[in-house]
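J.: sequence first, predicted coordinates after that:
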Amino acid sequence: MRSLLAGLVAVAALLAGLPTDTHAAGALDRIVKDKTFRIGYIPSPPGAIKDPKSGEVAGYYVDTARAICDLMAVKAVFVEATWATFVAGLQSGQFDLSIAATFATIPRALAVDFTKPIHYLGYSAVVRKGDTRFKTLADIDRPGIKVAVVQGAVGHEYAKQNFKNAQLTVLSTSDLTAPFVEVSANRVDVGIEDAWATKRYSAQHPEVVDLFGDRPYNVLPIAWAVRKGEPELLQFMNTAVDYMLINGRLEQLASKYGPSGRFQLRPLFDPVGVGGGAAQAGPGNPGGH
């Protein structure tokens with residue numbers, strides 16, 4: 001009887017246009033009401049940088065999120081996560097938005113909702129200097145070859161799906177340089193991570209080379225994420241991403257951290273119905289990715 005009564009109350013509230021519980025009001029409403037926006041991040045320069053001594057968080061993703069919160073008149077509260085736990089952090093309500101530099105993939109899109117792309121990024125690999133065994137991805141996927149990846153990262157997902165013969169060394173860490181350290185220490189043959197991290201590490205460590213530096217593979221959109229069932233928050237964040245990209249604000253915030261090495265999305269504002277509106281590949285609009 002109590003269950004029936006509770007159901008009737010919920011139906012009556014729904015018909016009256018009233019929220020049936022606090023979640024029904026939506027995360028965006030709660031954020032505006034409480035004036036607090038809980039934002040998950042993963043330390044990964046230059047987007048998110050955590051000072052090991054003070055614990056202060058910076059980086060151009062962080063600065064962009066703060067700028068959005070300032071325009072919302074709410075306080076940004078940053079919650080640290082890892083590549084293996086950020087989805088659970090969203091789903092459990094530890095934070096409402098993840099600003100980790102997340103590759104938007106089909107499996108991940110089943111668990112979270114992604115914003116519009118912020119930019120695009122591919123993958124590469126490092127091997128020891130002088131190791132001439134590797135020219136292609138197929139050369140990596142051979143018996144006896146040890147490949148290091150970060151647990152939960154897209155490099156790990158790609159390796160599981162495509163490497164059937166190589167031996168994977170899966171590292172439980174949020175440090176994207178960890179696979180490269182394994183190569184430098186001669187514990188594995190190949191270390192895989194995103195093309196920017198690969199380029200940066202190989203430039204600082206002459207004992208390794210960037211295998212696919214001029215032709216990254218598995219190029220994908222990088223996006224932020226919200227948990228499923230929050231369409232108002234997702235729509236708001238899409239508007240915010242457009243605002244920060246199109247008016248150049250994100251680029252301005254990123255400039256003080258140096259070049260990121262990531263492709264940025266740059267819409268071309270062609271007049272409707274004139275000239276076909278076909279975007280051409282160029283420095284700001286790479287094409288073919």
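T.: Arrived safely. Note that the coordinates shown come from a computational prediction; the quantities given were computed from them, not determined experimentally. Numbering: from 1, shown residues only.
J.: show me where the stretch 51-200 of the chain has its strands.
T.: 57-58, 75-80, 97-103, 112-114, 119-128, 146-150, 167-171, 190-194 (DSSP state E, counting those that start in this stretch).
J.: now render those as JSON lines, adding mean neighbour count.
T.: C-beta here means a position set from N, CA and C on the backbone, and glycine is covered the same way. Shown next, in JSON lines, are the strands of the stretch 51-200 of the chain (neighbours: other C-beta atoms under 10 Å):
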{"stretch": "strand 57-58", "mean neighbour count": "19"}
{"stretch": "strand 75-80", "mean neighbour count": "16"}
{"stretch": "strand 97-103", "mean neighbour count": "26"}
{"stretch": "strand 112-114", "mean neighbour count": "21"}
{"stretch": "strand 119-128", "mean neighbour count": "23"}
{"stretch": "strand 146-150", "mean neighbour count": "24"}
{"stretch": "strand 167-171", "mean neighbour count": "17"}
{"stretch": "strand 190-194", "mean neighbour count": "29"}
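J.: export those strands to JSON lines and tack on mean pLDDT?
T.: Output for those, formatted as JSON lines (pLDDT from 0 to 100):
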{"stretch": "strand 57-58", "mean pLDDT": "96"}
{"stretch": "strand 75-80", "mean pLDDT": "98"}
{"stretch": "strand 97-103", "mean pLDDT": "94"}
{"stretch": "strand 112-114", "mean pLDDT": "98"}
{"stretch": "strand 119-128", "mean pLDDT": "93"}
{"stretch": "strand 146-150", "mean pLDDT": "97"}
{"stretch": "strand 167-171", "mean pLDDT": "98"}
{"stretch": "strand 190-194", "mean pLDDT": "95"}
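J.: closest to residue 158 out of those?
T.: Among those, the nearest to residue 158 by C-beta to C-beta is strand 119-128 (6.8 Å).
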